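>>> Following is a predicted model, sequence given first.
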Amino acid sequence: MKHVRGTLFIDYVRLIRSRKDVEWSSFLEREDFAYLTQRIEDHAWYPTTTFSRLGLAILYVVAQGSLDMVRAWGKLQVDAMLRIHPEILAAGDPRESLMRVVVFRRGYFDFDVLVTRELLDNAASFELAYEMNDTAELAACMQTLGALEELVRRAGGQQVRARFSERRWEQDARTVLELTWA
C-alpha cells in the first residue's frame, strides 16, 4: 500500500470536515470516515487510496467537477507550502526552486510521484505518477500543474506556460508535465 504524509492529507480532511451539509457516504468508503474524526498528524503516513477518494469527493462536490478550480487550488497551495518551507523559493531562480520542490515532494509520498526528466534555465519536464484511477490522477496532476506553475512565477519566471505533453488518463504510457518561462 502507498502512503501520503499527513501534511497533505489534512487539507483534504479539513475541507470535507468543513462541509457538514454534504452527505459524503456516496463518495467515501466506510474506512475513510475514521480519518474524518481522528487527529491527523503532520508526519504520519496515510493511505493513498483514502487520499484519492477524499480528493475525488472534493472534485465532485466542492469544485463541481471543474479542473480549472483544481488548478487554482494548486496555485493557492503554494502559500501553505512556502509558510512551512520558505527555503523552497529561490528568488530569481525558477530552476533552483523547481529542484527544491522535487526534493521536498519526496518527503510527502512513500513512492515517486514527481520525477525530473529535464530541468533547464527556462524549461522543465516532469513525469507525474500518483497511481490513482484516471479521474483522480487527472485531478492530482492538474493540482500539481497549478502549484508548479505558481512556484515558477513566484521565483521570477515570466510568461509561464504549463501543459501535459502525455496523459496517462488518455491512455498514454505516462503523464509528462512541461513548463516553460522567460
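Here it is on my side, so go on. Numbers count the residues shown, from 1 in each chain.

>>> This protein: helices as residue ranges?
Here the chain has its helices, by DSSP state H, at 6-18, 33-37, 48-61, 67-84, 94-106, 134-154.

>>> Redo those helices as CSV? Include distance to residue 27 and mean pLDDT.
Bear in mind the C-beta positions are built from the backbone N, C-alpha and C, glycine included. Listed next are the helices of the chain as CSV, based on distance: least, C-beta to C-beta, whole Å; pLDDT from 0 to 100:
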stretch, distance to residue 27, mean pLDDT
helix 6-18, 9, 93
helix 33-37, 11, 96
helix 48-61, 4, 95
helix 67-84, 16, 92
helix 94-106, 26, 94
helix 134-154, 12, 96
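
>>> okay, now residue 9: neighbour count?
As a burial measure, residue 9 scores 24 neighbours (other C-beta atoms under 10 Å).

>>> my guess is residue 6 contacts residue 35, does it?
No. Under the contact definition of C-beta atoms under 8 Å, residue 6 does not touch residue 35, with a separation of 9.8 Å.

>>> Pick out whichever of these two has more residues nearby.
Taking neighbours as other C-beta under 10 Å, residue 6 and residue 35 compare with residue 35 leading, 22 against 19.

>>> how much space between the more buried one and residue 28?
Relative to residue 28, residue 35 is positioned 9 Å away (C-beta to C-beta, to the nearest Å).

>>> So for those two, which residues contact both of them?
Residues touching both residue 35 and residue 28 comprise residue 54, with contact defined as C-beta atoms under 8 Å, 6 or more residues apart in numbering.

>>> sorry, back to before: please identify which of the helices of the chain is closest to residue 115.
Among the helices of the chain, helix 94-106 comes nearest to residue 115, with 8.1 Å by C-beta to C-beta.

>>> Residues touching that closest one, excluding its own?
Here helix 94-106 has contacts from 81, 85, 87-90, 112-114, 116, 119-122, 124, 126, 147-148, 151-152, 154-157, 179, 181, using C-beta under 8 Å, 6+ apart.

>>> Overlap in contacts, residue 6 and residue 35.
With C-beta under 8 Å, 6+ apart as the test, residue 6 and residue 35 both reach residue 46.

>>> Let me see the domain layout of the protein.
By the assignment in automatic domain parsing, the chain contains the domains 3-61, 67-180.

>>> tell me the contacts of residue 157?
By C-beta under 8 Å, 6+ apart, the residues touching residue 157 are 94, 181, 182.

>>> Am I right that residue 48 is in contact with residue 2?
Yes. A contact is recorded between residue 48 and residue 2 when judged using C-beta under 8 Å, the distance being 4.4 Å.

>>> okay, those two: which has more neighbours?
Neighbours per residue, other C-beta under 10 Å: of residue 48 and residue 2, the larger number sits with residue 48, 23 against 16.
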